[in-house]
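Visitor: coordinates only, no sequence provided:
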């Protein structure tokens, strides 16, 4: 008769979902977390998240095989999208990677835990420090905001974070404060490059 297939409440009458505000982790909060984290593996894990902006699952699953020292690059496939991310290894990133295992998983204990356990541990650390409103995903927001503030080309940032959509990337970086140079200074730099 068809009456069982009819919705009890039409979708337009459902209450609108209320999402928690998302924000990036600040440099001061990141430094406080590093200072309080005495587990070396987790400390390096948080440092790596700050440097590359990977999702916690992607970072946890990195192995020594993801590092190509001759070309100074770190590459991996995103778990969520399958997109390939490849980053040049900076001096800070090299210092971190040089202290991690040279074979197998970079984070042997962390890769054995699931995302919820990693998030819960991070939440406990933040609670002890009185840091509110951040998650491990806040490192991705921080990386995107840092890239935008530094004037990093958007297409490079999208590649680094594994975003196909400019809209998604812009949502990550929307709170970045960008100090635009004066036109005079900008023109001067352009003339110096020529």
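Guide: Great, that's in hand. Here the structure is a predicted model, which is why all the values come from computation and not from measurement.

Visitor: next, residue 56: phi, psi?
Guide: Reported as degrees, to the nearest 10, the phi and psi values for residue 56 are phi -60, psi -40.

Visitor: number of residues surrounding it?
Guide: If you count neighbours by other CB atoms under 10 Å, residue 56 ends up with 20. Any C-beta I mention is one placed from the backbone N, CA and C, and that applies to glycine too.

Visitor: number the residues from 766 up from this point.
Guide: Yep, numbering from 766; the last one is residue 821 now.

Visitor: give me the pLDDT for it.
Guide: We have a pLDDT of 94 for residue 821.

Visitor: and the gap between the closest residue to it other than its chain neighbours and residue 928?
Guide: The shortest distance from residue 821 to any residue that is not its chain neighbour, by CB to CB, 6 or more residues apart in numbering, is 4.2 Å, and that residue is residue 901. As defined by CB to CB, to the nearest Å, residue 901 lies at a distance of 18 Å from residue 928.

Visitor: residue 790 now?
Guide: From residue 790 over to residue 928 the distance is 19 Å, taken as CB to CB.

Visitor: and these two? Which one has more around it.
Guide: Comparing residue 790 with residue 928 by other CB under 10 Å, the one with more neighbours is residue 790, at 27 against 22.

Visitor: what sits against the closest residue to the more buried one other than its chain neighbours?
Guide: Distances taken as CB to CB, 6+ apart put residue 903 closest to residue 790, at 4.2 Å, once the chain neighbours are dropped. Applying CB atoms under 8 Å, 6 or more residues apart in numbering to residue 903 gives the contacts 787-790.

Visitor: min pLDDT across those residues, which one?
Guide: residue 787 (80).

Visitor: surely that one meets residue 906?
Guide: Yes: in this structure, residue 787 sits in contact with residue 906. The criterion is CB atoms under 8 Å, and the distance is 6.4 Å.

Visitor: which one of those two has more residues nearby?
Guide: When residue 787 and residue 906 are compared on other CB under 10 Å, the one with more neighbours turns out to be residue 906, at 23 against 16.
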